[in-house]
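1. Sequence and predicted structure, then a few things I'm wondering about:
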Amino acid sequence: MKSLLGIGLLSIALATSCNNASKTVENTTDSIKLKALTNDTTAARVQLFLGFTNESETDSSKIFICKSLNGIDTVGLKVEVLKNIKPGINNDGNPIEAGFAKGSVKLSSIGNESNNFVVALGQVFKLPSDGVMTSETIEPTVFSSNKGLVEFNNQNTYSFKLFLDNGLGEPAEMFAVLDLYRRAFELSEKEAVYRPGIIAAFEGK
């Protein structure tokens, strides 16, 4: 009887342990199904999709860990967006100077997955890259293409234009979208001429 009781208790303990382990895995970002970084690598203007896998905030900003898949490789970035970014479009639909700000959107590495992102940039842009993202925070000049403040207590979509500094010449321009409903950060090209500068910016060159 003692042996049977011992075996029963052991079985319960193991089952409880397995259930707890399962719940832990389900609560990690690994349980989030990642989408493809891009669905069309031949497009004249490539669009890059990164879904939120984790969120946190400071007194002044919201931080998103964003990931997707390039083939079988996970790619990712840390995206920090300041709270209450001022609008850059007035009620008449015209741009205003107040919409420009340095570093209101910041991009930084999360390690190997960000290196994979740089590799992916080289592949989709069909240009050479070192495949290593800079360890420095990228702080582009940002234009807020929005008529209202950027707020996070809603499910709105906010658009930006990024001017990425690089050592090759003029800032490389990209469009960015923060979609709080779809829980995604998207980057898209303005013109293919900026591709070398984009790669250089992410490599810190």
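-> Yep, it's here.
2. tell me which element the residue positioned nearest the centre of the chain falls in.
-> Nearest to the centroid of the C-alpha atoms of the chain, with distances taken as Cα atoms, centre = their mean, sits Cys66, at 3.6 Å. Using DSSP states H and E, the secondary-structure element containing Cys66 is strand 61-70.
3. Run through this protein and note the low-pLDDT ranges.
-> 1-31 (pLDDT under 70).
4. Nearest spatial neighbour of Gly148, chain-adjacent residues omitted?
-> Nearest non-adjacent residue to Gly148, counting by Cβ to Cβ, 6 or more residues apart in numbering: Pro87, 5.5 Å away. (C-beta placed from N, C-alpha, C; glycine too.)
5. Secondary structure element holding the one you found?
-> Using DSSP H and E, Pro87 falls within no helix or strand.
6. What count of nearby residues applies to it?
-> When neighbours are defined as other Cβ atoms under 10 Å, Pro87 has 18 of them.
7. For this structure, which segments count as helices?
-> In chain order, the chain shows helices spanning 2-26, 112-125, 195-203, with DSSP state H as the criterion.
8. Name the residues of the second one that come out as buried.
-> In other words, helix 112-125. Going by neighbour count (16 or more other Cβ atoms under 10 Å), the buried part of helix 112-125 is 113-125.
9. Taking strand 61-70 as reference, get the angle to it.
-> For helix 112-125 and strand 61-70, the angle between their directions (axes from the mean of the first three to the mean of the last three Cα atoms, to 10 degrees) works out to 60 degrees.
10. and if you look at the last one?
-> Interaxial angle, helix 195-203 versus strand 61-70 (the same axes, to 10 degrees): 120 degrees.
11. what does helix 195-203 rub up against?
-> For helix 195-203, the external contacting residues (Cβ atoms under 8 Å, 6 or more residues apart in numbering) are 107, 117-118, 121-122, 125, 127, 129-130, 132-134, 138, 140, 164-172, 174, 189.
12. What residues does Arg45 make contact with?
-> By Cβ under 8 Å, 6+ apart, the contact set of Arg45 is 188-192.
13. and if you look at Asp73?
-> Residues in contact with Asp73 (Cβ under 8 Å, 6+ apart) are 116, 119-120.
14. Am I right that Glu191 is in contact with Met174?
-> No. With the criterion set as Cβ atoms under 8 Å, Glu191 and Met174 do not qualify as a contacting pair; they are 9.9 Å apart.
15. Among the contacts of Arg45, which pair sits farthest apart?
-> Ser188 and Ala192 (11.8 Å; Cβ to Cβ).
16. Which of those two has more residues huddled nearby?
-> For Ser188 and Ala192, the more surrounded residue by other Cβ under 10 Å is Ser188, and the numbers stand at 15 against 12.
17. Now do the contacts for Thr41.
-> Contacts of Thr41 were listed using Cβ under 8 Å, 6+ apart, and they are 123-124.
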